[in-house]
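everything below, folded, please.
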Amino acid sequence: MKKLFIIMVLLFQAHVSYAAFDVPHVLVFGTAEKEVSPDEIRWGLNVRTEGGATEVVSENHISEVTNVLNVLHELGQTEDSVTTTNMQLNEHWIYRNNSRQKQGYFASTTIRFISNDFATYVNYWTKLSALKSVSVSGVSFGVSNKSEIEDDVKVMAIAQARRKAERFATALGTSLGAPLQIEELNGGNLSPLRSSRAVLMESDGGGQPVSPGKQLIDAQVKVVFSIK
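Model (predicted):
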């Protein structure tokens, strides 16, 4: 009985949805995509400090995080462009001889920032990797004007939907009227088109050892047109 009720509700909703258009109409889906070149590098750092006493660990950790922030400032980052999150102080446990043993404490902090000049990649990597207790937890590529490109791709998808609807209407021996509904089906997905990992290695051409590759932004829309 419960399943039957759910099916009846879904059918009722579908009927109401399509009953809103009391004129002949055609429903089509439009898709579009665009290749873009990343223009920013997104860094993730982890600062981890270990020690025997909480007071010493906390003091040393604050000092090490401050050193990282100072280096980032020297590299061109501002206070507003760097984010420090997930600061923690925990007991440090290890497994030795099949037993769990406490080895003091550790503090950790996550630092995130964005660099826009690919030519400075090696400089960032070299100076950050030289800092004590710092590890680069992640490097990825992004597009700074992603939302603007998303809007352009959605407009392209709408145009593609209209062309499709016109072909359908022509096949029926009629023509399109005014649009009745436009609905976004996704927010503009961003996915790597080719490998975009940063690799620290020498370049034969003397360029930067970083390859952002290409990324793909796609969108899908649903459009309803009246037909004459």
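
just checking, what's the longest helix in this structure?
helix 146-171 (DSSP state H).

helices or strands up against that one?
Counting by 3 or more C-beta pairs under 8 Å, 6 or more residues apart in numbering; DSSP states H and E, the packing neighbours recorded for helix 146-171 are strand 25-36, strand 176-184, strand 215-227. No exception for glycine: its C-beta is placed from N, CA and C like everyone else's.

ok, residue 63 to residue 47 distance?
Distance of residue 63 to residue 47, given as C-beta to C-beta, to the nearest Å: 10 Å.

please apply the same query to residue 228.
Counting by C-beta to C-beta, the gap from residue 228 to residue 47 is 67 Å.

same check on residue 134?
Separation of residue 134 from residue 47 (C-beta to C-beta): 5 Å.

show me which of these two is the more surrounded one.
For residue 134 versus residue 47, neighbours defined as other C-beta atoms under 10 Å are more numerous around residue 47 (24 against 20).

helix or strand right after the one helix or strand that one maps to?
Using DSSP states H and E, residue 47 falls within strand 40-51. Reading on from strand 40-51 to the C-terminus, the next helix or strand found by DSSP H and E is helix 54-74.

report the buried residues of the next helix-or-strand element following that following helix.
Per DSSP H and E, the first helix or strand lying C-terminal to helix 54-74 is strand 83-96. Within strand 83-96, the residues that count as buried by 16 or more other C-beta atoms under 10 Å are residue 92.

so what are the sheet partners of strand 83-96 and their directions?
Sheet pairing of strand 83-96 (DSSP bridges) gives strand 99-115 (antiparallel).

can you point out the buried residues in the strand it pairs with?
Using 16+ other C-beta under 10 Å as the test for burial, strand 99-115 gives 105, 106, 107, 108, 109, 110, 111, 113, 115.

check stretch 70-82 too.
The neighbour-count check on stretch 70-82 (16+ other C-beta under 10 Å) flags 71, 72, 77, 82 as buried.

ok, back up a step: got the helices and strands packed on helix 146-171 as JSON lines, with mean pLDDT, distance to residue 150 and mean neighbour count columns?
What follows is the helices and strands packed on helix 146-171, written out as JSON lines (pLDDT from 0 to 100; distance: least, C-beta to C-beta, whole Å; neighbours: other C-beta atoms under 10 Å):
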{"stretch": "strand 25-36", "mean pLDDT": "95", "distance to residue 150": "9", "mean neighbour count": "17"}
{"stretch": "strand 176-184", "mean pLDDT": "94", "distance to residue 150": "10", "mean neighbour count": "14"}
{"stretch": "strand 215-227", "mean pLDDT": "94", "distance to residue 150": "6", "mean neighbour count": "20"}
